[in-house]
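Chemist: predicted model, plus sequence, below.
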Amino acid sequence: MENRELLAGRPKTILPIPHLYCPGCHHGSVFRLIAETIDELGLQDKAVGCVGVGCHAFGFMFLDIDLVGCLHGRAPAVATGIKRSLYGKPIVFTVQGDGDLAAIGMGTILNAAIRGEKLTTIFCNNAGYGTTGGQLAPTTLLDQKTTTTPYGRNPDLEGYPVHIAELMATFRGVAYSARC
């Protein structure tokens, strides 16, 4: 048998338990990327995550760092309190979905951006409400079909989608905003 070198494995920051995400869901990939970044930068003892409601809230179970579950839409406010109360020492980030950030939490994230809070926000944009059945979300694209818009999003009826990354990029307090 030939010797093989392990080129990639489970990041140290991910706990060795099976995940609960649906096949094809991007949340597992998002949390793996977070874990790889934390490991690479040596931030496991400094990182604090704030997660809102939705599937990304399962991050509590998979990451071996301090995580705080936040009320719907309030992760940026909680993250601000943590960052300010610990005098800027921790690396604080939020992971939020469409409803949590772009609907009920829109005011919270915009105000954090206006103040130039030193936070990282990872927005998991499904363009729909995946956790509750695939309904129309503020980020649902034009003509995209959802359970509540079976013929597609019509701007005359449901309005236009919010483009969060582009909106956030317009604030002077935002250091980096990207859609990927």
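Modeler: Good, I have the coordinates. This one's a predicted model, so the numbers in the text were calculated from it and none came from an experiment.
Chemist: name the element Leu67 belongs to?
Modeler: Using DSSP states H and E, Leu67 sits in strand 66-69.
Chemist: can you list the helices and strands that that strand packs against?
Modeler: Taking 3 or more CB pairs under 8 Å, 6 or more residues apart in numbering; DSSP states H and E as contact, the helices and strands that strand 66-69 lies on are strand 47-51, helix 59-62. Placement of C-beta: from N, CA and C, glycine included.
Chemist: ranking those by mean pLDDT, which is last?
Modeler: Looking at the helices and strands packed on strand 66-69, the lowest mean pLDDT belongs to helix 59-62 (a mean of 80).
Chemist: what's that helix packed up against?
Modeler: Under the contact definition 3+ CB pairs under 8 Å, 6+ apart, helix 59-62 sits against helix 27-41, strand 47-51, strand 66-69.
Chemist: pick the most deeply packed of these.
Modeler: Using mean count of other CB atoms under 10 Å, the stretch among the helices and strands packed on helix 59-62 with the greatest mean number of neighbours is strand 47-51 (a mean of 24).
Chemist: relative to that strand, what are the paired strands and their orientations?
Modeler: Partners of strand 47-51 in the sheet, by DSSP bridges, are strand 66-69 (parallel), strand 91-97 (parallel).
Chemist: having no further points to raise, I will conclude here.
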